[in-house]
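Undergrad: One predicted model, sequence on top.
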Amino acid sequence: MAVVPTSPQISVEEYQKTSYPDGDREYLDSVVMERNIGSPSHSALQKILIVHLAAFESGLQIAVRPECRTRIQETRYRVPDIDEAIPSDRPGVLDAPLLIIEILSADDRMKDAMQRFSEYEKLGVRYVVQMDGISPASRF
């Protein structure tokens, strides 16, 4: 995922209490990083997956969360397209999700995706899935 710093270095506490009106940001070692804004086909695929996976929430006792801040390390927070985890009332995800789905956008870069997937693996995420969200929305 191509990322561009959007602000000077800030503390974890400042990041945690900040919201962004045009979409959430990731926090990587004191720097707030923009995320790619998905295309209509990216959003359509995300919606399909959320609706489908949500049908299993009650039976499997899981929570399906789109774009929820996930702590990777003390100074690193990612915002996956979708994650599934054990329900929690705590802000953000502090435990390893069971599943993370990342939807590929046109501006994403393989090097960035591999870094992200490596971080998810080290965190203990059991399943990491990358899907193609680049194709035209008319396919959905």
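TA: That came in fine, so what should we check first?
Undergrad: pLDDT weak spots in this protein?
TA: 1-7, 89-94, 135-140 (pLDDT under 70).
Undergrad: Quick one: the strands in it, in order.
TA: Using DSSP state E, the strands assigned to the chain run over residues 26-28, 31-33, 63-66, 70-73, 76-78, 82-85, 99-104, 127-132.
Undergrad: looking just at contacts, which helices and strands does the fourth one meet?
TA: Applying 3 or more CB pairs under 8 Å, 6 or more residues apart in numbering; DSSP states H and E, we find strand 70-73 packed against strand 76-78, helix 110-123. (Each C-beta comes from the backbone N, C-alpha and C, glycine too.)
Undergrad: 6 Å instead, please
TA: Applying 3 or more CB pairs under 6 Å, 6 or more residues apart in numbering; DSSP states H and E, one finds that strand 70-73 makes contact with strand 76-78.
Undergrad: in its sheet, what does the strand it packs on sit against?
TA: Partners of strand 76-78 in the sheet, by DSSP bridges, are strand 26-28 (antiparallel), strand 70-73 (antiparallel).
Undergrad: Distance to Y15 and mean neighbour count added to these, as JSON lines?
TA: Below are these laid out as JSON lines (distance: least, CB to CB, whole Å; neighbours: other CB atoms under 10 Å):
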{"stretch": "strand 26-28", "distance to Y15": "4", "mean neighbour count": "21"}
{"stretch": "strand 70-73", "distance to Y15": "11", "mean neighbour count": "18"}
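Undergrad: For T75, give me its contacts.
TA: Contacts for T75 (CB atoms under 6 Å, 6 or more residues apart in numbering) come out as D29.
Undergrad: let me redo that: D24
TA: So D24 contacts 67, 79 (CB under 6 Å, 6+ apart).
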